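**Q** Sequence and computational prediction follow.
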2 protein chains.
Amino acid sequence: MPHYDGAVTEATNSGAATFPAKRGRGEKTSTTIYDIARLAGVNPSTVSRALSKPGRVSAKTQKIIEDAAEQLNYQVNPFARALPTGRTQTIGLIVADITNPTFFDIIRGAETTGSARDYTLVLAESAESAETELIAARRMLSTVDGLILASPRMDDDKIRVLAADKPVAVINREIEGVPCVVPDVNKGISQAVRSLAANGHQQLAYVAGPPQSWMSRRRWEGVQAACDWYKLGAVRLESSKPTVDGGRQVARDVLASGATAVITYNDLLAIGLMQELQAAGIHVPDQISIVGFDDIFGADFTTPPLTTVRSPLGECGSRAATLLLDMLLGHDGPAGAVRVDTELVVRGSSGRLMA
Amino acid sequence: MPHYDGAVTEATNSGAATFPAKRGRGEKTSTTIYDIARLAGVNPSTVSRALSKPGRVSAKTQKIIEDAAEQLNYQVNPFARALPTGRTQTIGLIVADITNPTFFDIIRGAETTGSARDYTLVLAESAESAETELIAARRMLSTVDGLILASPRMDDDKIRVLAADKPVAVINREIEGVPCVVPDVNKGISQAVRSLAANGHQQLAYVAGPPQSWMSRRRWEGVQAACDWYKLGAVRLESSKPTVDGGRQVARDVLASGATAVITYNDLLAIGLMQELQAAGIHVPDQISIVGFDDIFGADFTTPPLTTVRSPLGECGSRAATLLLDMLLGHDGPAGAVRVDTELVVRGSSGRLMA
DNA sequence: CAATAGTTGGCAACCGGTTGACAGATTGCC
DNA sequence: GGCAATCTGTCAACCGGTTGCCAACTATTG
């Protein structure tokens, strides 16, 4: 059964207007279900049913209408459809920072999964600000069927309000009553700390991310717990921002802390930190081991390549989209958060301490 | 004059429905111009004019209506608006590969510029395929006001057909009759080749990108011209794909070519190539100099950091968006292509030949 | 063959804005 | 004061689909 949600066949439209029609007069308006109805000799409502309600019309009429639709190169007008139904076949995704590679895979995962089910992804960015995020979310909410929030910065309550309005899925944060996809960091962190302990490290520093970041807190808790278990000292350091620059700036604090192993909130911080330490003549990993988070694009470009706790970000995006689309089909959200596994990727930036 | 295109104020909506309304029954439908009209004691059409046609209604009525709108927390229904007018306040952007960092800055540039003028960006990816691209473009074209194609893979003619339908702007390719934003590579390439020549190189290899890529051909032409001028030999090598992996695979050919300096179609190829050469024990830049293209995120993570010809990608995205939005305002597209400057960024991967 | 149940297609009322045409109210000017 | 010009708001017809309800038609069954 062919779908008419996307253009499939050629629509050459050879009347070469020099400039797009302004509409209003009847010039070059695209084909409608009324055109099809006329050609097929049926009522427009029958056409509507044939093209969107499988099984509602007889096979014979269905065929006639489909042929007519194909002949006229019909494409639904998404707005006309959205107006009475409220359904738009789009999902929104809000990320904190479009240029942060952490989100690339999330975006791609969501886009791919959405596309596969005939949904278009609409993207917006919050520039790491809770207010901008809320505004973007509201604006989007009226035009999409559902919303994915990746690493949201706004309060839980605000998110719940949004979720009461339309289906919402959250990535990288756990919120009671809202479907979430969260990497379970404990496994990856345990592996990382165990590996560091085995390599002779005794004092570890965690470089935290933005204060509003749920995930940053979560990771710090994980680090503390693992350090307890493996008998390492753990100290928490603040970063100004979760970027390469922020990493450079925190280098001084890292040195002052006396730690020989560092786990950072994300890979960008790790990369900046490593650059700055190396510039100060410190050898990584002989003098200090560095472990990042996320395994972003470029994490293996560095020298030494970055050891990192990989979160399956593409999977997160894809799972969130699946969750959302299922909810749009009327399914309930999952009872608890969906957890995906993390794992340590050992590369060159961590290793035996050569004291 | 306040705008009602995006939500600005709180819309708490405390009636906590457990699940989004299915529509159809009158539950929780949002406020319309009819509600405002009733509250303000005027006709709906007056409300419509007050909110979208500045100056058409008297200042007094305007005020009354605006107050009523604010009180009821009105938000336009974009679909209802789009249906009669065809305007959607969205622009589409199609990129070849969402995970290719080259496009990150383009995306951001377009998004930022669009947002600033109250347009939402809709993103799609073509997976480096001309057909997928065409399908995505067609699908989008019916729902957006204009379209930006970044590094398109389809024929010029197909693009012209799209452009006849709605405003289209193209990045990284020049097409007669369609507004384009193109980095002028000559300057950057000249700088690169001069620098290589000055460092004693005599034989240069260019690693090409995808055969459909206009920009790859353009860059090769630039390299040839510059090599002629500076009296270097130039040979062109093919890559399987314009990625890190493709760069690794081409390393063998580079060595076989006898070239001591390599310019690659993009930074990803350069990075992969460098990794593979280093793995084979070759020293960069002492034995081979490598110059990439674009200055993507991560180009300075490598050791040595990558020398590259920077294209101002963010500016390209932003300029293309501006072009498009101006066309939507009725302005003509620019006569020729808009050119932006490129420049050589010298880092560690290029330098004196130590033969 | 009549009664009944199940299909199928048509009618018309929406969804929420926009806009051309027009009439009533104001204002300006001689 | 009379008349035209301008301003302001209303009416009603769209835009292009969706859908509840009903009537006609077909198939089933006793």
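**A** Nice, thanks for sending it over.
**Q** Run a quick neighbour tally on A:G258.
**A** A:G258 has 11 neighbouring residues, counting by other Cβ atoms under 10 Å in any protein chain shown. (Glycine included, C-beta is placed from N, CA and C.)
**Q** Neighbours of the residue lying closest to it once chain neighbours are set aside, how many?
**A** The shortest distance from A:G258 to any non-neighbouring residue, by Cβ to Cβ, 6 or more residues apart in numbering or on different chains, is to A:Q203 (5.9 Å). The tally of other residues near A:Q203 (other Cβ under 10 Å) stands at 14.
**Q** Could you do A:A130 as well?
**A** 15.
**Q** Pull up the gap between it and DNA strand D, please.
**A** 36 Å (Cβ to the nearest atom of the strand, to the nearest Å).
**Q** try A:I189
**A** Taking Cβ to the nearest atom of the strand, one finds A:I189 at 48 Å from DNA strand D.
**Q** Can you give the distance of the helix or strand of chain A with the lowest mean pLDDT from its chain's centre?
**A** Ranking every helix and strand in chain A by mean pLDDT, DSSP states H and E puts strand A:120-125 at the bottom, with a mean of 85. Centroid separation between strand A:120-125 and its chain, computed with Cα atoms, centre = their mean, to the nearest Å, is 10 Å.
**Q** Point out the other helices and strands that the helix or strand just after it packs with.
**A** Counting by DSSP states H and E, the next helix or strand C-terminal to strand A:120-125 is helix A:130-141. Applying 3 or more Cβ pairs under 8 Å, 6 or more residues apart in numbering or on different chains; DSSP states H and E, one finds that helix A:130-141 makes contact with strand A:90-95, strand A:120-125, strand A:146-150, helix A:156-165.
**Q** Which of the helices or strands spans A:G292?
**A** Judged by DSSP H and E, A:G292 forms part of strand A:289-294.
**Q** do that strand and chain B meet?
**A** No. Strand A:289-294 is not in contact with chain B by Cβ under 8 Å from any Cβ of the partner chain; minimum separation 11.8 Å.
**Q** who touches that strand?
**A** The contact list for strand A:289-294, computed with Cβ atoms under 8 Å, 6 or more residues apart in numbering or on different chains, reads A:102, A:192, A:196, A:199, A:201, A:219, A:260-267, A:269-271, A:273-274, A:277, A:284, A:299, A:306-311, A:313, A:344, A:349-351, A:353.
**Q** Distance-wise, check A:G177 relative to chain B.
**A** From A:G177 over to chain B the distance is 10 Å, taken as Cβ to the nearest Cβ, to the nearest Å.
**Q** what's the burial count for that residue?
**A** 12.
**Q** What of A:F103?
**A** 27.
**Q** rewinding a little: and the least confident helix or strand of chain A, does that touch chain B?
**A** Yes. Remark: strand A:120-125 sits within contact range of chain B at A:T120, A:L121, A:V122, A:L123, A:A124, A:E125, by Cβ under 8 Å from any Cβ.
**Q** Tell me who's in contact with the spatially closest residue to A:E125 that is not a sequence neighbour.
**A** Leaving aside its sequence neighbours, A:E125 sits nearest to A:I98 (Cβ to Cβ, 6+ apart; 4.6 Å). If you count contacts by Cβ under 8 Å, 6+ apart, A:I98 has them with A:L123, A:E125, B:F104, B:I107, B:R108, B:E111.
**Q** Kindly report the same for A:P304.
**A** A:P304 makes contact with A:V284, A:P285, A:R347, A:G348, A:S349 under the criterion Cβ under 8 Å, 6+ apart.
**Q** Are any of those buried, and if so which?
**A** Among those, those classed as buried by 16 or more other Cβ atoms under 10 Å in any protein chain shown are A:V284, A:P285, A:R347, A:S349.
**Q** What's the local residue count around A:R38?
**A** If we define neighbours as other Cβ under 10 Å, then A:R38 has 14 of them.
**Q** Using a markdown table, lay out the contacts of A:I98 together with distance to A:Q89 and neighbour count.
**A** Formatted as a markdown table, the contacts of A:I98 follow (distance: Cβ to Cβ, whole Å; neighbours: other Cβ atoms under 10 Å in any protein chain shown):
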| residue | distance to A:Q89 | neighbour count |
| --- | --- | --- |
| A:L123 | 16 | 24 |
| A:E125 | 22 | 24 |
| B:F104 | 26 | 24 |
| B:I107 | 22 | 24 |
| B:R108 | 26 | 19 |
| B:E111 | 21 | 23 |
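**Q** Which of the helices and strands packed on helix A:130-141 sits closest to B:L149?
**A** strand A:120-125 (16.7 Å; Cβ to Cβ).
**Q** which strands and helices sit next to that closest one?
**A** Using 3+ Cβ pairs under 8 Å, 6+ apart, strand A:120-125 sits against strand A:90-95, helix A:102-116, helix A:130-141, helix B:102-116, strand B:120-125.
**Q** Show me the one of these that comes nearest DNA strand C.
**A** When those are compared by Cβ to the nearest atom of the strand, helix A:130-141 sits nearest DNA strand C, at 14.5 Å.
**Q** for the closest one, which positions count as buried?
**A** Within helix A:130-141, the residues scored as buried using 16+ other Cβ under 10 Å are A:T132, A:E133, A:L134, A:I135, A:A136, A:A137, A:R138, A:R139, A:M140, A:L141.
**Q** Let me know whether that helix sits next to DNA strand C.
**A** No. Shown here: helix A:130-141 not in contact with DNA strand C (Cβ under 7 Å from any atom of the strand), separated by at least 14.5 Å.
**Q** Also stretch A:162-180?
**A** No. Stretch A:162-180 lies out of reach of DNA strand C by Cβ under 7 Å from any atom of the strand, never closer than 14.2 Å.
**Q** so where do the strands sit in chain A?
**A** With DSSP state E as the criterion, chain A has strands at A:90-95, A:120-125, A:146-150, A:168-171, A:180-184, A:203-207, A:233-237, A:261-264, A:289-294, A:307-310, A:338-341, A:343-345.
**Q** how about the CA coordinates for stretch A:179-191, as CSV?
**A** Listed next in CSV are the C-alpha coordinates belonging to stretch A:179-191 (Å, rounded to 0.1, in the frame of the first residue of the first chain):
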residue,chain,number,x,y,z
PRO,A,179,9.8,8.5,30.1
CYS,A,180,13.6,8.7,30.2
VAL,A,181,16.6,7.1,28.5
VAL,A,182,19.6,7.2,30.7
PRO,A,183,23.0,5.6,30.3
ASP,A,184,23.7,3.6,33.4
VAL,A,185,27.1,5.0,34.3
ASN,A,186,28.0,2.7,37.1
LYS,A,187,29.3,0.0,35.0
GLY,A,188,31.6,2.2,33.0
ILE,A,189,32.7,4.1,36.0
SER,A,190,33.5,1.0,37.9
GLN,A,191,35.6,-0.3,35.1
